[in-house]
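[1] I would like to see how this sequence folds:
(one chain, ligands or ions: 1)
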Amino acid sequence: DMGGHDTFMHKEISEQPDAVDRVLRGRIDDRFSTVHLGGLNLDPREARTIRRIKILGCGTSYHAGLIGAGLIESMARIPADAEPASEFRYRNPVVDPDTLYIAVSQSGETYDVLAAVQELKRKGARVLGVVNVVGSAIAREADGGVYVHAGPEVCVVSTKCFTNTVTAFALLALHLGRIRDLSVTDGKRIIEGLRRLPAQIEEILKGEDEIKRLAEEYAGAQSMMFIGRVRGYPVALEASLKLKEISYIHAEAYPASELKHGPLALIEPALPTVAIVPDDDLLEKNRAALEEIKARSGRILAVAHQVQEKADHTLVVPKNEDELDPILMGIPLQLFAYHTALAMGRDIDKPRNLAKSVTVE
Ligand code: F6R
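    Predicted structure coming up:
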């Protein structure tokens, strides 16, 4: 049942304020400025001994893991990174007893992720799951984890699950941070930020008409470039994946700082750039990248907290705490991909060549 929407994708994008509300519900502890995650199975003493966190997933879940790694590093100060699960499996990785492994999967059934979890467990590693489908294979294999409670996702491409997974990582990062070095003040600041998310998502969704108009303008492009820096880079990766999956427009994502090391050669009026430009300590650096693109007559669509003078268009999103900005900045770009694909007459809920859950190698 699409509940009055034309596609499941549109329905699922629209459900995000409620979905995020669900991932937060019952977990916030104001007394200690932390969160409780019932199924984690990780006592504080163990949590303090973690030396490194490795996050594994595929596709959109891998991108959520990249943002998750950033959240964990910045809040819990534990070195963390994310890697596609299949790459990890096939490079015969060193499995280290002081590393906590986290498997990310909406379906909980993706074969490459499941196989990585099984291999890790066979080698004695501790593995947590960040999963949407309750009781799924990965949830069962893991030692514990966090359910993302996004509700059923029917559209082949993931939207609300991505947002909820990233929010679940923010909860995990806050939890680990408050066991380690994150102050009460910072804990409070993050909790207040988390509580603002549903209303801010609602506000972004209200801008759909403007996003639709822009998408219709860009729908003729052969190719598009997505750029971001640090927290913004995984947002660019995910927005670029979403666009190619449903519109079939070629898109690639680069860290803004890498432009001058090669891809700047591509910039010309026919290759538009979508730039993630949060109002944080990297704002000036990001503005410099916009200038480089403008100097080559590239068209720019910015997603930012204030109108960017060098951009042809800016989608303004509400500001949250710096750490939580990536959760919000991806949302207008889900709608952008959606309306681009719609303008091109694509089968949005069932893009060609793709399946909802990839249970084969
Ligand atoms: C992209 C998409 C895929 C999945 C990937 C992993 O929109 O849906 O990239 O994210 O196949 O699936 P899960 O999260 O079920 O393991």
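[2] and residue 128, what are its bridge partners?
    Each beta-bridge partner of residue 128 is listed here, defined by DSSP bridges: residue 102, residue 144.
[3] surely it and residue 100 touch.
    Yes - the pair residue 128 and residue 100 qualifies as a contact (C-beta atoms under 8 Å) at a distance of 6.7 Å. Every residue, glycine included, has its C-beta placed from N, CA and C.
[4] pretty sure residue 182 is in a helix, no?
    No - per DSSP: H, G, I helix; E, B strand; the rest coil, residue 182 lies outside any helix segment and is coil.
[5] so the closest residue to it other than its chain neighbours is in which element?
    Leaving aside its chain neighbours, residue 182 sits nearest to residue 75 (5.5 Å; criterion: C-beta to C-beta, 6 or more residues apart in numbering). Residue 75 is part of helix 59-76, with elements assigned from DSSP states H and E.
[6] against which helices or strands is that helix packed?
    In terms of contacts (3 or more C-beta pairs under 8 Å, 6 or more residues apart in numbering; DSSP states H and E), helix 59-76 is packed against strand 52-57, strand 80-84, strand 99-105, strand 126-131, helix 160-179, helix 232-247, helix 325-329.
[7] dump it to CSV, restricted to CA.
    Output of helix 59-76 as CSV, limited to C-alpha atoms (Å, rounded to 0.1, in the frame of the first residue of the first chain):
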residue,chain,number,x,y,z
GLY,A,59,26.1,0.0,-1.3
THR,A,60,24.1,2.5,0.6
SER,A,61,24.7,0.6,3.9
TYR,A,62,28.5,1.0,3.3
HIS,A,63,27.9,4.8,2.8
ALA,A,64,25.9,4.9,6.0
GLY,A,65,28.9,3.1,7.6
LEU,A,66,31.3,5.8,6.3
ILE,A,67,29.3,8.5,8.1
GLY,A,68,29.0,6.2,11.1
ALA,A,69,32.8,5.9,11.3
GLY,A,70,33.1,9.7,11.3
LEU,A,71,30.6,10.0,14.0
ILE,A,72,32.4,7.4,16.2
GLU,A,73,35.8,9.0,15.6
SER,A,74,34.6,12.5,16.5
MET,A,75,32.4,11.6,19.5
ALA,A,76,34.1,8.5,21.0
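[8] what mean pLDDT does it have?
    Averaged over helix 59-76, pLDDT sits at 98.
[9] one step back: residue 207 is nearest to which of the helices and strands packed on helix 59-76?
    Nearest to residue 207, of all the helices and strands packed on helix 59-76, is helix 325-329, at 11.8 Å by C-beta to C-beta.
[10] then that closest one to PDB, C-alphas only?
    Presented in PDB, the C-alpha positions along helix 325-329 are these (Å, rounded to 0.1, in the frame of the first residue of the first chain):
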ATOM      1  CA  ASP A 325      24.600  17.700   9.600                       C
ATOM      2  CA  PRO A 326      25.200  14.700   7.200                       C
ATOM      3  CA  ILE A 327      21.900  13.100   8.300                       C
ATOM      4  CA  LEU A 328      20.000  16.100   7.000                       C
ATOM      5  CA  MET A 329      22.100  17.000   3.900                       C
END
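[11] about what we covered before: of all the helices and strands packed on helix 59-76, which lies closest to residue 290?
    Closest approach to residue 290 among these is made by helix 232-247 (12.6 Å; C-beta to C-beta).
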